[in-house]
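Engineer: Dropping a prediction and its sequence here:
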Amino acid sequence: MQGYCKVKHLRLIRPELSLGLAIIFGLAIFPDYAMAAGPKASLRGPKASLRSTAIKNIKNKKKTPTYVIRKRVHPVLPKATPRPRPSSPTPIAFRLSPDGVAIFPTLPDLDYRFAGRVAGAGTARELIFYSLSPGLQDAAEELVRDAGAPHVAVVAMEPKTGRILALAQHSSTLPNAALHADFPAASLFKLTTSTAALDRNLLSPSSKIYFRGGDYTLNLNNYKPNPKQDHRVMTLTEGLGKSCNPVFARVALQQGLSPAILSQYARLFGFNSNLGFNVPLKSSTAKIPSGAYELARTAAGFGDVHISAVHAATLMSGIANEGMLPQPNMVDHIISANGALLYRAEPLYLQRMMRPTTARTLLGMMSYTTTNGTSKYAFAPGGKPVMPDIQVAAKTGTLRGSNPPGLNRLFIAAAPISNPKIAVAVVVVNAGIPSSRPSYIGRRLIQRYLEG
């Protein structure tokens, strides 16, 4: 697309650290190493079992909880209940790719904590610091446990960098729910349709769309525009916030969003592409049909389009990052056993999804979801906003799927709209109790991160 800049991978700087730094931050992580007491402290070999008192103090230090008190806000969320953590990490192999990414063969164990960080170990006794926020990770894990649903995936990300802030999951059948790329994208695809119309200056947020039928009904009887019968009307913003299916069928058919155009924007959103994540991640897929009826349904979210929670958080981050799609990353830095800095992550970007003005416009439109749309009850139960001083952009999706079978509910969001600090993606299959609703889980996670 004309006017889109080329994005180059940033090269990594690998300065050396002193051996002393390795002793403090690296070797003490392993239970088979210890620091001998006394002025002539030395490293002892694999059979030693002691740890330094300093390291113990770091790990056992308790922080006094702080709370942000706001007027008319629901009671402050309790801190996540800590669960038992392993005393040592499970070593995992990794390699550094030519474009500067730490690659793991599978999702690392994220249970270990060292010096207040989510950490791990390499097979050659490297010390791996992950990008996850310990407090947010604890909160995400607790929200997943409380959901009580058979399949739950939660991913939080820093929009400007693609750094994973939290990744929690549960599934009765899937090995890694957060990496599973066969969840129906459902109405999240309405964002792709909206972007195509906005980015090409075909529509504005206040453009009126006329249609007939219910908000969610889209079949052979109402998918075609008919001026004599289309007596209902919504703006594009209202249609997006309320996830009105006939509105997006009209957008595709009346604005000339051909299969080629929708395929182009699907690719810009990261579908049918490798996201370059740290672990093997199947590409999310979007198959755009050519027939008018099938095209209309795909534009509204009923098509053969599937997504992972990691990808959902990434595309939400891209919208919040003024249209630049970040490369998701869960590693902060890696230190070798002898104290050398092997790797430090730098933000990498995959491509431009849309013009910056389009991204800002779309982000503003998405606030309707949380104020008057499909997530309003999660963000303003009883009509009282839970976070009155924080504007949240969001989109929901609901559709039955077959892998795993059940009703898929999705929620993505970014906040605050003025300067997004966090993007979240939540997928729940067969949600039952209120605490399993994705909008509720997403709101709680945003609230925890921004309000403490």
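Structural biologist: Sure, I can see it.
Engineer: Residue 97 is in contact with residue 104, isn't it?
Structural biologist: No: taking contacts as C-beta atoms under 8 Å, residue 97 lies outside contact range of residue 104: 11.1 Å. Where you see a C-beta, it was placed from the backbone N, CA and C, and this is true even at glycine.
Engineer: So which of those two has more stuff around it?
Structural biologist: residue 104 (19 against 11; other C-beta atoms under 10 Å).
Engineer: contacting residues around the closest residue to residue 160 other than its chain neighbours?
Structural biologist: Sequence neighbours aside, residue 321 is the residue nearest to residue 160 in space, at 5.4 Å (criterion: C-beta to C-beta, 6 or more residues apart in numbering). For residue 321, the contact set (C-beta atoms under 8 Å, 6 or more residues apart in numbering) comprises 159, 160, 359, 420.
Engineer: mind running it again at 10 Å?
Structural biologist: Applying C-beta atoms under 10 Å, 6 or more residues apart in numbering to residue 321 gives the contacts 157-162, 347, 349, 353, 356, 359, 363, 414, 420, 423.
Engineer: tell me the secondary structure for residue 369?
Structural biologist: What DSSP: H, G, I helix; E, B strand; the rest coil gives for residue 369 is helix.
Engineer: Also residue 424?
Structural biologist: Secondary structure assignment for residue 424 (three-state DSSP): strand.
Engineer: my guess is it contacts residue 413, does it?
Structural biologist: Yes: counting by C-beta atoms under 10 Å, residue 424 does reach residue 413; the two are 5.4 Å apart.
Engineer: Overlap in contacts, those two.
Structural biologist: 156, 313, 316, 392, 394, 438, 442, 443, 445, 446.
Engineer: on that earlier part again, which ones among the contacts of residue 321 lie within strands?
Structural biologist: Applying DSSP state E to the contacts of residue 321, the entries found in strands are 157, 349, 414, 423.
Engineer: wait, what's in contact with the residue most central in space within the chain?
Structural biologist: The chain has residue 313 as the residue nearest its centroid, 2.4 Å off, counting by C-alpha atoms, centre = their mean. Going by C-beta under 10 Å, 6+ apart, residue 313 touches 153-157, 159, 162, 164-167, 178, 326, 328, 412-414, 422-426.
Engineer: tell me which of the shared contacts of residue 424 and residue 413 is nearest to residue 257?
Structural biologist: When the shared contacts of residue 424 and residue 413 are compared for distance to residue 257 (C-beta to C-beta), residue 316 wins out at 21.6 Å.
Engineer: List the residues that contact the closest residue to residue 390 other than its chain neighbours.
Structural biologist: What sits nearest to residue 390 in space, not counting adjacent residues and going by C-beta to C-beta, 6+ apart, is residue 416, at 4.9 Å. Residue 416 makes contacts with 320, 387, 389, 390, 391, 392, 393, 422, 446, 450, as judged by C-beta under 10 Å, 6+ apart.
Engineer: rerun at 8 Å
Structural biologist: Neighbours of residue 416 in contact, by C-beta under 8 Å, 6+ apart: 390, 391, 392, 450.
Engineer: again with residue 117
Structural biologist: Per C-beta under 8 Å, 6+ apart, neighbours of residue 117: 129, 130, 134, 332.
Engineer: Report the beta-bridge partners for it.
Structural biologist: For residue 117, the beta-bridge partners are residue 114 (DSSP bridges).
Engineer: ok, it to residue 89 distance?
Structural biologist: 12 Å (C-beta to C-beta, to the nearest Å).
Engineer: where do the helices sit along the stretch 251-400 of the chain?
Structural biologist: 259-268, 292-300, 309-320, 356-365, 367-371, 376-379 (DSSP state H, counting those that start in this stretch).
Engineer: And the average pLDDT for stretch 224-238 is what?
Structural biologist: For stretch 224-238, mean pLDDT rounds to 96.
Engineer: end to end, how far does that stretch reach?
Structural biologist: Between the opening and closing residues of stretch 224-238 lies a distance of 20 Å (C-alpha to C-alpha, to the nearest Å).
Engineer: Off-centre distance for that stretch?
Structural biologist: Per C-alpha atoms, centre = their mean, to the nearest Å, the displacement of stretch 224-238 from the mean C-alpha position of its chain is 33 Å.
Engineer: contacting residues around that stretch?
Structural biologist: With C-beta under 8 Å, 6+ apart as the test, stretch 224-238 has contacts from 194, 197, 203-213, 242, 244, 246-247, 250-251, 253-254, 292, 365, 368, 372-373.
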